[in-house]
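S.K.: Give the three-dimensional model of this entry:
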Amino acid sequence: MATIIDGKALAKKVNAQTQERVAKLKKQNITPGIAVVLAGDDPASLIYTRNKHKKAIKLGINSILKKFPADVSQEELLAEIDRLNNDDSIDAILVQQPLPAQIDPETITSAILPEKDVDGLNPLNLGKLYANQRGNYPVACTPRGIMRMLTEYGVDLEGQNAVIVGRSILVGKPLLALLNNANATVTMAGSKAVNLPSLTQNADILIVATGTPSLIKQTDVKPGAVVIDVGINRLSNGKLVGDVDFENVKKSAKAITPVPGGVGPMTIATLMEQTVDLAQWRHHG
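M.R.: Predicted structure coming up:
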């Protein structure tokens with residue numbers, strides 16, 4: 001039976017460390033600040049942004065939540081980002097995705113100053129990650145949180161076969177770079193890959209982020225593998241499930257993240273942690 005990777009417990013630990021760091025910075029008259037920009041009324045995005053705002057306030061971080069209607073123009077959003085780029089009280093800017101159809105996500109993420117890009121999606125930060133450059137720069141929060149979970153649970157990455165199912169810029173692509181930088185052998189596939197099980201069955205570490213409920217079955221997973229389920233899907237009965245058939249896969253996996261209570265809490269904890277990083281780097285280098 002698999003070890004359950006408890007994202008809630010680890011997030012609690014990370015948040016406690018973040019709260020201590022905030023208190024120390026405040027003694028130096030530095031209050032970390034984050035601005036979250038939301039366009040439209042996507043129900044999941046409304047919940048995420050509200051949770052992020054509440055968590056920031058609880059940890060002592062200055063938090064601004066800017067809401068725009070679904071018909072907001074790209075020019076309006078760019079003007080808001082420019083204002084936040086020049087706001088000295090803001091260290092971190094996050095534009096919640098998905099964005100309305102008339103907004104180009106790449107244009108928006110590229111407009112955020114690299115040193116305030118808390119989700120690590122500005123091309124300059126992505127380039128540094130892929131080049132494995134030394135120094136301080138932000139990394140996408142979900143992948144960074146996943147790496148922290150693997151470290152915390154003693155998962156050795158060097159020389160291991162890691163398979164990522166899902167190629168998004170938010171999760172799959174930054175995670176590929178992080179795993180590669182940790183000397184894992186990394187394969188990335190989309191959910192429609194031909195004979196996907198032939199890839200997943202060889203994974204020592206399997207990360208799934210497709211948004212397809214229970215895509216990965218027990219027969220798709222190598223016995224003894226570490227399985228990280230990034231998916232979060234609400235079924236018609238209201239139940240939240242991941243991209244992995246948790247109840248059956250946990251019977252043969254070495255370790256597995258639950259949904260909910262796995263990757264999700266660590267994403268928000270990492271966002272808060274990285275907000276404090278950005279404040280620290282900006283003021284202290």
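
S.K.: what about the helices in the stretch 51-200 of the chain?
M.R.: Secondary structure of the stretch 51-200 of the chain by DSSP state H, counting those that start in this stretch: the helices cover 74-85, 105-111, 123-130, 141-152, 172-181, 196-200.

S.K.: mind checking which of the ones you listed is nearest T187?
M.R.: Ranking these by their distance to T187 (criterion: CB to CB) puts helix 196-200 first, at 5.8 Å. (Glycine included, C-beta is placed from N, CA and C.)

S.K.: and that closest one, C-alpha only, in PDB?
M.R.: C-alpha atoms of helix 196-200 as PDB (Å, rounded to 0.1, in the frame of the first residue of the first chain):
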ATOM      1  CA  LEU A 196       0.300   6.100 -23.500                       C
ATOM      2  CA  PRO A 197       0.500   3.100 -21.100                       C
ATOM      3  CA  SER A 198       3.800   2.000 -22.700                       C
ATOM      4  CA  LEU A 199       5.300   5.200 -21.500                       C
ATOM      5  CA  THR A 200       3.600   5.400 -18.100                       C
END
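
S.K.: quick revisit: TSV please, covering the helices of the stretch 51-200 of the chain and showing distance to V221.
M.R.: What follows is the helices of the stretch 51-200 of the chain, written out as TSV (distance: least, CB to CB, whole Å):
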stretch	distance to V221
helix 74-85	41
helix 105-111	32
helix 123-130	28
helix 141-152	17
helix 172-181	18
helix 196-200	6
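
S.K.: Would you format those helices as JSON lines with distance to I57, mean neighbour count and mean pLDDT included?
M.R.: Formatted as JSON lines, these follow (distance: least, CB to CB, whole Å; neighbours: other CB atoms under 10 Å; pLDDT from 0 to 100):
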{"stretch": "helix 74-85", "distance to I57": "18", "mean neighbour count": "16", "mean pLDDT": "98"}
{"stretch": "helix 105-111", "distance to I57": "25", "mean neighbour count": "16", "mean pLDDT": "96"}
{"stretch": "helix 123-130", "distance to I57": "26", "mean neighbour count": "18", "mean pLDDT": "97"}
{"stretch": "helix 141-152", "distance to I57": "18", "mean neighbour count": "23", "mean pLDDT": "98"}
{"stretch": "helix 172-181", "distance to I57": "27", "mean neighbour count": "22", "mean pLDDT": "98"}
{"stretch": "helix 196-200", "distance to I57": "40", "mean neighbour count": "17", "mean pLDDT": "97"}
